[in-house]
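1. what's the 3D shape of this:
(one chain, ligands or ions: 2)
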Amino acid sequence: MATITASVYTSHVPAIGAALDLGKTAEPYWQPVFAGYDFSKQWMKQHKPDVIFLVYNDHATAFSLEMIPTFAIGTAAEFQPADEGWGPRPVPKVIGHPDLASHIAQSVIQDDFDLTIVNKMDVDHGLTVPLSLMCGAQDPKTGAWPCPVIPFAVNVVQYPVPSGRRCYHLGKAIRKAVESYDEPLNVHIWGTGGMSHQLQGPRAGLINREWDNRFLDDLIADPETLSNKPHIEYVREAGSEGIELVMWLIARGAMSDKPPKVAHRFYHVPASNTAVGHLILENQA
Ligand code: DHB
Ligand code: FE
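-> Ligands and ions are numbered 1, 2, ... in the order given. Below you'll find the predicted structure:
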């Protein structure tokens, strides 16, 4: 049977991708951001998964405002990096896992979560920036990401967006789906986005260190209570784009019910307009 052994949580700031692609990682502004992922890159090599189930949000890239799925699972064999206005990022294409993705869709939909099945989709910074941070730079032509990735896009752009509670329970359904897959795959689940940030309006630039760090504490130790946090608190305390954090609850819900091992924790301000938060949690044997 397949097993979820670990979860990874990270912000997905597009400027981090640009800093990487333009060779700016050693600049004083960016160096402390990338230093927070040195451990993570080593950890990825030592704990190489067979598949990554990557929860992120599409930023009106693959889905325009004409059509907005709440939860969309990528079942394709491959996904191209999206052109977000400056040409696609120079990173390898993402290889999918159609068989596991279809199995998860079957199981989760039968468990009463309505997923949109997506057989063609370009993936934006919400997915490619976390891959770059965790796996390091890869040559777009000769390089490859370390394993197949199942993209799972969540609508946090156009209201109404799903509640933290629904996301947490969806995570549990994903765990059940993975554990009923008839092949001994080591699966990691990632949640991206956050932490506090607001990109527009009078509160643009909002950062809330105290709230972010309490969110990290609660995500580790008490995700059940955390999942009941209402949207208004995310928006009030963590800014309009802080709502991206509900996606972290999907990854956390997919973890074992036993307390996880905290392999890594990192928090840094500034990175573009966003507080960067990052956790690696391992399931205890
Ligand atoms: C920024 C952060 C995001 O999560 C995003 O999707 C776009 C921009 C930023 O901080 O600039
Ligand atoms: Fe974002």
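2. Next to ligand 1, which bits of the stretch 1-150 of the chain? Give me the list.
-> Contacts of the stretch 1-150 of the chain with ligand 1, taken as Cβ under 6 Å from any ligand atom, map to His12, Val13, Pro14, Ala15, His59. Bear in mind the C-beta positions are built from the backbone N, C-alpha and C, glycine included.
3. Which parts of the stretch 51-200 of the chain are strands?
-> With DSSP state E, counting those that start in this stretch, the ranges of strands along the stretch 51-200 of the chain come out as 51-56, 71-74, 78-79, 94-95, 116-118, 149-154, 186-192.
4. so can I have TSV of the ones you listed showing mean pLDDT and mean neighbour count?
-> TSV is the format used below for the strands of the stretch 51-200 of the chain (pLDDT from 0 to 100; neighbours: other Cβ atoms under 10 Å):
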stretch	mean pLDDT	mean neighbour count
strand 51-56	99	28
strand 71-74	98	22
strand 78-79	98	18
strand 94-95	98	20
strand 116-118	98	17
strand 149-154	98	27
strand 186-192	98	26
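5. In the stretch 1-150 of the chain, which residue sits nearest ligand 1?
-> Val13 (4.5 Å; Cβ to the nearest ligand atom).
6. What about that residue, how many residues nearby?
-> For Val13, the neighbour count with other Cβ atoms under 10 Å is 23.
7. contacting residues around it?
-> Counting by Cβ atoms under 8 Å, 6 or more residues apart in numbering, Val13 touches His125, Val129, Ala271, Ser272, Asn273, Thr274, Val276.
8. which of those count as buried?
-> Neighbour-count burial (16 or more other Cβ atoms under 10 Å) applied to those gives His125, Val129, Ala271, Ser272, Asn273, Thr274, Val276.
9. Between the contacts of Val13, which sits nearest Pro259?
-> Val276 (24.7 Å; Cβ to Cβ).
10. check which helix or strand covers the closest one.
-> Assigned by DSSP states H and E, Val276 belongs to strand 274-282.
11. what about the helices in the stretch 51-200 of the chain?
-> Using DSSP state H, counting those that start in this stretch, the helices of the stretch 51-200 of the chain run over 98-110, 125-135, 164-179.
12. Reformat these as CSV; add mean pLDDT and distance to Ala35.
-> Formatted as CSV, these follow (pLDDT from 0 to 100; distance: least, Cβ to Cβ, whole Å):
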stretch, mean pLDDT, distance to Ala35
helix 98-110, 98, 34
helix 125-135, 98, 11
helix 164-179, 98, 30
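13. Tell me which of those helices lies nearest to Gly36.
-> Nearest of these (Cβ to Cβ): helix 125-135, 8.7 Å.
14. Which pLDDT does the model give the residue in the chain sticking out farthest from the centre?
-> The centre of the chain is farthest from one residue, Pro202, which by Cα atoms, centre = their mean lies 27.5 Å away. Per-residue pLDDT puts Pro202 at 97.
15. again, but for the one 4 residues further on
-> Per-residue confidence at Leu206 stands at 98 (pLDDT).
16. What residues are bridge-paired with Pro88?
-> For Pro88, the beta-bridge partners are Asp83 (DSSP bridges).
17. ok, it - contacts?
-> Gln80, Pro81, Ala82, Asp122.
18. Emit the PyMOL select command for whichever of the residues you listed are buried.
-> Under the burial definition 16+ other Cβ under 10 Å, those of the contacts of Pro88 that qualify are selected in PyMOL by:
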select buried, resi 81+82+122
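19. For stretch 36-53, what is the distance to the chain centroid?
-> Stretch 36-53 sits 14 Å away from the centroid of its parent chain (Cα atoms, centre = their mean, to the nearest Å).
20. if we look at it, which residues are touching it?
-> 2, 4-6, 8, 97, 100, 104, 133-136, 146-150, 152, 174, 178, 185-190, 254, 263-264, 266, 268, 276, 278, 280, 282.
21. So Asp83 sits against Asp124, correct?
-> No. With contact defined as Cβ atoms under 8 Å, Asp83 does not reach Asp124; the gap is 9.2 Å.
22. more crowded one of those two?
-> Asp124 (26 against 12).
23. Many thanks, I have nothing further to ask.
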